[in-house]
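>>> structure of the sequence below:
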Amino acid sequence: QARAAVDDARARVAAAVGAHATEVIFTSGGSEANNLFLKGAAPNLKPGVVAVSAIEHPCVREPARQLRRAGWTLREIAVDAEGRIDPADWAAVLDSRPGLVSVMLANNETGVLQDVAALARAARAAGAWFHTDAVQALGKVAVDFRALGVHAMTLSAHKLGGPLGAGALVVDKRVELAPLIAGGGQERGLRSGTENVAAIVGFGVACERAAARREAEAARLATLRDELCAALAGRGARIFSVAAPRLPNTVFFAVEDIDGETLVGRLDRSGFACASGSACSSANPEPSHTLLAMGVEPGLARAAVRVSLGRDTRADDVRSFIETFVRVTDELKNLASIGA
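Numbers count the residues shown, from 1 in each chain. As a prediction, this is how the structure comes out:
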C-alpha cells in the first residue's frame, strides 16, 4: 500500500510539471534536490566551469562553492538592476564552456522570473547541463519540464501547501547522477533511504490541487499584489524589481532610513508575518545577497522587507496591512526624529 501511494504521488507530481513519473526523484526537500544535482552530476564530468546566478538560494551557491574546492571553476552569472540575468555576462559565461549551469526559475526574495527556456537552449548548445530551482514557481506560474528544456528541476512540497519534508528532483533519464545517499537503492538508486510516505503523498495531492486553481489564484493574488505595491510606493517605499516579470504573490520593498529587522518586528507584533529578506534566511542579519547583486546600496538592502501573499490572503488583509504599515512607519520616523 505504501509503494502504491508513493507511485501515485510520483505520477501526480510529474503531471503537474509535464514530466514522466520515472523522472521524479523524491528527496527531503528543495535543498537536498539542489545538492543532488550539482554534486551528483559533477563526478560524471571533468572538472570545469560551474556557473550559477548571483541570486541563487544558498542551497545552490554552497554546493557550487564545494565544487570549486574540488577543482571546478565557479562563475557567478551577473544580474541587472531588476534582478534579471545580464545578457552580456551570460554570453561571457557561455564562452567559458561551462559544464554545469543552475539558474532559478523564480527568485525567493524578489519573485523575479527568469527566461529559463531561452537560457537552457543556449546552455545546451554550449554543451552544458542546465538545472533550474523551480521551488518558488510551482503552483504560482506555469511550470513545464519539457517546455523549459532543462536537464533537471527542483521542487518542494511546502511551497505550494504541501507538508514539510518532501521535495523532488525532476531529472532527464539521460543524465547520469552519482547518489548523495547510497544504500537501499530507493528512488532509482539516486536517493537511498526509506521514503517519507506521508509527506510524499501530501506532496502529490498539493501539486494536483495547486495545478487546478493556479490560473484563477494567480490572477487574484496579482491584483492584491499590485494594490499593495501602489500603496507602499505612495508612502515612499522602494519596490524592488517592479519592472521585471514577477511571481503574483511576492513583494520585496524597503523604506529608506528604517531598518528592515525593526520594521519586521513591529509588523509581527501587529499580527503580520513578514521577513527581512528571504523567508529561508530570515535569521541572517546580513543584507540580501540578491539585492547586492542587483547593485542596491547595502544600507537600503538592510532595510528590505519581504511580504508574501497566499491562498488565505484576502483584500481586507492587504488593506489592514497597509494601515498598519502607515502607522508603524510614522511611529518609527517620529522616534528617529526625536533621537536626532
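>>> ok, now how distant is Ala199 from Met153?
Distance of Ala199 to Met153, given as Cβ to Cβ, to the nearest Å: 19 Å. Just so you know, the C-beta spots here come from the backbone N, C-alpha and C atoms, and that holds for glycine as well.
>>> cool, Ser337 as well?
50 Å.
>>> same check on Met294?
24 Å.
>>> check Thr313 too.
Thr313 is 27 Å from Met153, by Cβ to Cβ.
>>> now for Arg314, how many residues are close by?
11 (other Cβ atoms under 10 Å).
>>> phi and psi next, for it.
Here is the backbone geometry of Arg314 (degrees, to the nearest 10): phi -120, psi 170.
>>> got a list of what Ala19 touches?
13, 145-146, 170 (Cβ atoms under 8 Å, 6 or more residues apart in numbering).
>>> for these, give me JSON lines that also has secondary structure.
Formatted as JSON lines, the contacts of Ala19 follow (DSSP: H, G, I helix; E, B strand; the rest coil):
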{"residue": "Val13", "secondary structure": "helix"}
{"residue": "Phe145", "secondary structure": "helix"}
{"residue": "Arg146", "secondary structure": "helix"}
{"residue": "Val170", "secondary structure": "strand"}
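>>> pull the most distant pair out of the residues you listed.
Farthest-apart pair in the contacts of Ala19 is Val13 and Arg146; separation 14.7 Å (Cβ to Cβ).
>>> the more surrounded of the two?
Val13 (28 against 11).
>>> where does the stretch 151-300 of the chain dip in pLDDT?
Applying pLDDT under 70 to the stretch 151-300 of the chain flags the ranges 277-285.
>>> would you map the helices across it?
197-234, 260-269, 289-293, 298-302 (DSSP state H, counting those that start in this stretch).
>>> most neighbours per residue, which of these?
Across those, averaging neighbours per residue (mean count of other Cβ atoms under 10 Å) puts helix 289-293 on top, at a mean of 21.
>>> touching that one from outside, list them.
54-55, 76, 78-79, 83, 107, 109-110, 240, 277-278, 298, 300-301, 304.
>>> from the chain's centre, how far out does that helix sit?
14 Å (Cα atoms, centre = their mean, to the nearest Å).
>>> related to what we said a few turns ago, now distance to Ala5 too, for the helices of the stretch 151-300 of the chain, in a markdown table please.
Output for the helices of the stretch 151-300 of the chain, formatted as a markdown table (distance: least, Cβ to Cβ, whole Å):
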| stretch | distance to Ala5 |
| --- | --- |
| helix 197-234 | 5 |
| helix 260-269 | 38 |
| helix 289-293 | 38 |
| helix 298-302 | 45 |
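>>> out of those, nearest to Trp129?
helix 289-293 (23.2 Å).
>>> buried residues in stretch 325-340?
325, 328-329, 332 (16 or more other Cβ atoms under 10 Å).
>>> so which of those is the closest to Asp259?
Nearest to Asp259 among these, with distances taken as Cβ to Cβ, is Leu332, at 8.5 Å.
>>> contact partners for the closest one?
258, 262-263, 266.
>>> pretty sure Val326 is touching Gly236, no?
No: contact criterion Cβ atoms under 8 Å: Val326 and Gly236 do not qualify, at 10.7 Å.
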